[in-house]
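S.K.: I need the structure of the sequence given here:
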Amino acid sequence: MWLPGVLVAVAAALLAGLVHALVPGIPLLTAAVVFGIVAGQLPVARRQLTGVLAPGLSVASKRIMRLGIVLLGLKLSLVDILGLGWVTIATTIAIVVLTFFGTLWFGRRIGLPGQQPLLIATGFSVCGASAIGAMSAVVHA
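M.R.: Numbers count the residues shown, from 1 in each chain. Sure thing, here's the model as predicted:
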């Protein structure tokens with residue numbers, strides 16, 4: 001049954017939204033990630049997160065998050081992007097590519113385990129938590 005986990009994910013998102021509304025300097029995604037980290041460290045919550053809530057959290061972190069990323073991407077129109085000019089577009093692409101591969105190289109160089117270098121490089125170069133979530137689903141991390 002996935003409903004309890006999805007409802008907890010929705011509640012956490014609403015709580016993160018409330019924190020962001022009360023303190024606009026705290027980004028919504030940052031608040032949500034902090035709540036997830038804190039919940040994962042609490043022994044009582046950890047049992048629930050890996051037990052009854054796991055199926056719903058999996059649905060929320062994979063399917064619902066992917067849908068959210070697609071909807072976020074649809075907000076950008078090709079005309080708006082082309083309106084920036086070729087220098088801005090080329091510079092942005094170069095910065096993202098250099099940041100991604102530089103961070104990936106550095107993460108491997110310092111010996112981060114498993115998929116961590118890839119996930120950190122993705123989040124750091126692209127757009128943070130949503131990019132990490134999308135990449136982790138792709139590489140099954």
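
S.K.: Would you mark the buried spots in stretch 117-136?
M.R.: By neighbour count on 16 or more other CB atoms under 10 Å, the buried set for stretch 117-136 is 117-125, 129-136. Heads up, the C-betas are built off the backbone N, CA and C, glycines and all.

S.K.: Over to stretch 43-53?
M.R.: Under the neighbour-count criterion of 16+ other CB under 10 Å, stretch 43-53 has 48, 49, 53 buried.

S.K.: show me what contacts the first one?
M.R.: Residue 48 makes no contacts at all, as judged by CB atoms under 8 Å, 6 or more residues apart in numbering.

S.K.: And the next helix or strand past the helix or strand hosting it?
M.R.: Assigned by DSSP states H and E, residue 48 belongs to helix 43-50. Helices and strands here follow DSSP H and E; after helix 43-50, the next one along the chain is helix 54-59.

S.K.: CA atoms of that following helix as PDB?
M.R.: Extracted C-alpha coordinates of helix 54-59, given in PDB (Å, rounded to 0.1, in the frame of the first residue of the first chain):
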ATOM      1  CA  ALA A  54       8.600   2.900   2.100                       C
ATOM      2  CA  PRO A  55       6.300   2.000  -0.900                       C
ATOM      3  CA  GLY A  56       4.600   5.400  -0.900                       C
ATOM      4  CA  LEU A  57       7.900   7.300  -0.500                       C
ATOM      5  CA  SER A  58       9.300   5.300  -3.400                       C
ATOM      6  CA  VAL A  59       6.300   6.400  -5.500                       C
END
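
S.K.: Thanks again, I'm all set now.
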